[in-house]
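Participant: coords please:
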Amino acid sequence: MAENETDLAVFIVEAKRAAYASGNGGETKPTRPGAKDIPYKQGQFTYLDSYYGEIHFSGQEVVLQDEVAIWSMNYFGYTIDPVEGFPVFLNECLMEVNIDAPFRGASYKQKEDFEYVCQWEGDLYRFSGKEKILYKGKEIFILDFHGGVIQYC
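Facilitator: Numbering: from 1, shown residues only. Below you'll find the model as predicted:
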């Protein structure tokens with residue numbers, strides 16, 4: 001585990017903003033057949049977001065410290081209606097991730113006809129949650145996530 005919780009949370013936020021949420025995260029050769037991988041590295045920490053699918057998708061984010069996995073988050077997203085502008089809005093929301101809840105985006109964001117709602121329980125050590133996007137009041141996207149700190153014997 002990182003020397004302190006704040007270091008880990010700061011790195012997770014930095015990695016998430018630099019990877020998928022940025023809209024230009026550096027995809028690399030996948031570690032698993034057919035997956036899309038987006039890595040990020042800073043100092044002793046390495047982050048990997050690896051997922052399958054696009055409209056409906058499943059993935060995992062892992063943080064390693066000195067090449068040992070110390071934190072992960074699994075997620076499954078389901079797009080009900082791929083409204084134009086939805087991916088851009090989702091990325092804007094994900095850029096608002098913060099160290100108090102380094103899971104997805106802020107708890108709420110609204111822009112024009114889009115609304116983003118993210119609710120969770122727990123903390124960095126063990127958490128679960130759900131995010132959704134509404135367009136003109138209609139739910140168009142749902143994502144479930146869970147994860148926490150990895151501990152070894």
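
Participant: quick one: contacts for the residue nearest the centre of the chain?
Facilitator: The residue lying closest to the centre of the chain (CA atoms, centre = their mean) is R104, at 4.8 Å. Contacts of R104 were listed using CB atoms under 8 Å, 6 or more residues apart in numbering, and they are C93, L94, V97, C118, W120, G129, E131, L143, F145. Heads up, the C-betas are built off the backbone N, CA and C, glycines and all.

Participant: what about the strands in this structure?
Facilitator: 36-42, 45-53, 56-65, 68-79, 108-111, 114-123, 126-135, 138-149 (DSSP state E).

Participant: any chance of those strands in a markdown table, plus mean pLDDT, distance to K16 and mean neighbour count?
Facilitator: Listed next are these as a markdown table, based on pLDDT from 0 to 100; distance: least, CB to CB, whole Å; neighbours: other CB atoms under 10 Å:
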| stretch | mean pLDDT | distance to K16 | mean neighbour count |
| --- | --- | --- | --- |
| strand 36-42 | 94 | 8 | 18 |
| strand 45-53 | 95 | 8 | 19 |
| strand 56-65 | 97 | 8 | 18 |
| strand 68-79 | 98 | 10 | 17 |
| strand 108-111 | 97 | 15 | 13 |
| strand 114-123 | 97 | 13 | 17 |
| strand 126-135 | 98 | 13 | 18 |
| strand 138-149 | 98 | 12 | 17 |
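
Participant: now these as TSV including distance to P30?
Facilitator: Compiled in TSV, those are given as follows (distance: least, CB to CB, whole Å):
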stretch	distance to P30
strand 36-42	5
strand 45-53	7
strand 56-65	11
strand 68-79	17
strand 108-111	31
strand 114-123	27
strand 126-135	25
strand 138-149	21
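
Participant: of all the ones you listed, which one is nearest K29?
Facilitator: strand 36-42 (7.4 Å; CB to CB).

Participant: could you point out the longest helix of the chain?
Facilitator: When the chain is parsed with DSSP state H, its longest helix is helix 5-18.

Participant: which parts of that helix are buried?
Facilitator: By 16 or more other CB atoms under 10 Å, the buried positions in helix 5-18 come out as D7, L8, A9, V10, F11, I12, V13, E14, A15, K16, R17, A18.

Participant: and stretch 80-98, by the same measure?
Facilitator: Within stretch 80-98, the residues that count as buried by 16+ other CB under 10 Å are V83, F86, F89, L90, N91, E92, C93, L94, M95, E96, V97.

Participant: ok, so of those residues, who is nearest G43?
Facilitator: Of the buried residues of stretch 80-98, the one sitting nearest to G43 (CB to CB) turns out to be V97, at 19.3 Å.
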